[in-house]
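[1] A predicted structure for the sequence below; I have some questions about it.
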Amino acid sequence: MEHRVMLQAAGVDKRIGSRLVLRGVSLQVQKGEFFGIIGPNGSGKSTLIKLLSGVEPPSAGEILLQGTNLAQFSGKQLAQHIAVLPQEALPPVGFTVREVAEMGRYPYQNWLGEERTDAGELIDQVLADLDLTELADRPVEALSGGERQRAALAKVTVQQPDLLMLDEPTTYLDIGYQQQMMDYVRAWQRSAGLTVVAVLHDLNLAALYCDRIMVLCEGEVLATGTPETIIRAEILEQAYGIRPTIVVHPQRQVPQILL
Ligand SMILES: Nc1ncnc2c1ncn2[C@@H]1O[C@H](COP(=O)(O)OP(=O)(O)OP(=O)(O)O)[C@@H](O)[C@H]1O
């Protein structure tokens, strides 16, 4: 059956020790949507990404991927659908850029590490698209932060997921690389109908790239909506305790904040 909803969470709680870190979180991400999650430090964003990607189970509630509970997928099956680009996208040391990209094929390989189709061409293409051809044989520990982030992006691209999750993907990047990375993900979203769920700290980036944004605050959903409805002084004051000035981006017509 064709599902228009890619990912759904219903009444999700997460308890860590004696603390309820997430409380009654519900969300629906449509296929092909760019969905942002924002919120102050410690509000539960990374924890939510762990649950949404199936790394950890919720303590209550359920999470469905195209209508099927995440708990019903094996790790390898899940990896054919969902790729996660973590905050510290530092691929393991001792591997070359090409080897790191090849790891993205893991969900399609049998226990001997063999794949039914040859992914060599795909890997070459992705390395070229990300400007990594020249660096393909370089060990990842000999890369700059921005290059390493591109190597990590190559790996998740080669994984060919339907759903890409980003946890603060631009944390260690300068503004040039931040924009490059977000543009790359958006181009992929538009060309392949990729669904994106991204935790973003930068509210201006969130407003520029997300179709909808959810605000998490102390483990609960404060609001969900388009950038225009979310990036507003009242909501940001409630979430972050600041009252920024909001202006409209002169070219893109989305809200941007000034501190
Ligand atoms: N393994 C753990 N043990 C105990 N507490 C934890 C653990 N993981 C997370 N927490 C707590 O859960 C809360 C939410 O953490 P989480 O990392 O999800 O927040 P976040 O919104 O991603 O924060 P940040 O923006 O700072 O990355 C925090 O109070 C954190 O201290």
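    Nice, thanks for sending it over. Numbering: from 1, shown residues only.

[2] how near is residue 23 to the ligand?
    11 Å (CB to the nearest ligand atom, to the nearest Å). Bear in mind the C-beta positions are built from the backbone N, C-alpha and C, glycine included.

[3] what does residue 247 give?
    Distance from residue 247 to the ligand, by CB to the nearest ligand atom: 25 Å.

[4] which residue packs closest to that residue, ignoring adjacent ones?
    Closest residue to residue 247 apart from its sequence neighbours, by CB to CB, 6 or more residues apart in numbering: residue 256 at 5.6 Å.

[5] confirm the one you found sits in a strand?
    Yes: membership of residue 256 in a strand is supported by DSSP: H, G, I helix; E, B strand; the rest coil.

[6] just the element for residue 223, please.
    In this structure, residue 223 sits in strand 220-225 according to DSSP states H and E.

[7] does that strand come close to the ligand?
    No: counting by CB under 6 Å from any ligand atom, the ligand has no neighbours in strand 220-225; the shortest distance is 11.8 Å.

[8] give the buried residues for the helix or strand following that strand.
    Sequence order places helix 227-230 as the next helix or strand after strand 220-225, per DSSP H and E. For helix 227-230, a neighbour-count test (16 or more other CB atoms under 10 Å) marks 227, 230 as buried.

[9] any idea of the mean pLDDT in helix 227-230?
    Across helix 227-230, pLDDT averages out at 97.

[10] same deal with stretch 130-138?
    For stretch 130-138, mean pLDDT is 95.

[11] report the contact partners of the nearest residue to residue 80 once chain neighbours are set aside.
    Distance criterion CB to CB, 6+ apart; nearest residue to residue 80, sequence neighbours excluded, is residue 107 at 4.6 Å. If a contact means CB atoms under 8 Å, 6 or more residues apart in numbering, then residue 107 has 76, 77, 79, 80, 159 as its contacts.

[12] my read is residue 128 is in a helix, agree?
    Yes: the assignment for residue 128 is a helix, going by three-state DSSP.

[13] helices of the chain, start to end?
    Remark: helices assigned in the chain by DSSP state H are 45-52, 75-81, 97-103, 120-129, 145-158, 175-192, 203-209, 227-230, 233-240.

[14] which other helices and strands contact the longest one?
    So the one you mean is helix 175-192. With contacts taken as 3 or more CB pairs under 8 Å, 6 or more residues apart in numbering; DSSP states H and E, helix 175-192 sits against helix 145-158, strand 163-167, strand 195-199, helix 203-209.

[15] tally of neighbours for residue 151?
    Around residue 151 there are 27 other residues, counting by other CB atoms under 10 Å.

[16] I figured it hits residue 97, correct?
    Yes: counting by CB atoms under 8 Å, residue 151 does reach residue 97; the two are 4.8 Å apart.

[17] re the thing from before, of the contacts of residue 107, which pair is most distant in space?
    Spatial extent of these (CB to CB) is set by the pair 77 and 159 at 12.9 Å.

[18] of those two, who's got more company?
    Using other CB under 10 Å as the criterion, residue 77 and residue 159 rank with residue 159 on top: 22 against 14.

[19] ramachandran angles for the closest residue to the more buried one other than its chain neighbours?
    Sequence neighbours aside, residue 104 is the residue nearest to residue 159 in space, at 3.9 Å (criterion: CB to CB, 6+ apart). According to degrees, to the nearest 10, the main-chain angles of residue 104 amount to phi -60, psi -20.

[20] contacting residues around residue 104?
    83, 154, 155, 156, 157, 158, 159, 160.

[21] could you dump those to JSON lines with distance to residue 174 and pLDDT?
    Converted to JSON lines, the contacts of residue 104 look like this (distance: CB to CB, whole Å; pLDDT from 0 to 100):
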{"residue": "83", "distance to residue 174": "24", "pLDDT": "96"}
{"residue": "154", "distance to residue 174": "19", "pLDDT": "95"}
{"residue": "155", "distance to residue 174": "21", "pLDDT": "94"}
{"residue": "156", "distance to residue 174": "21", "pLDDT": "95"}
{"residue": "157", "distance to residue 174": "22", "pLDDT": "96"}
{"residue": "158", "distance to residue 174": "25", "pLDDT": "95"}
{"residue": "159", "distance to residue 174": "26", "pLDDT": "95"}
{"residue": "160", "distance to residue 174": "29", "pLDDT": "95"}
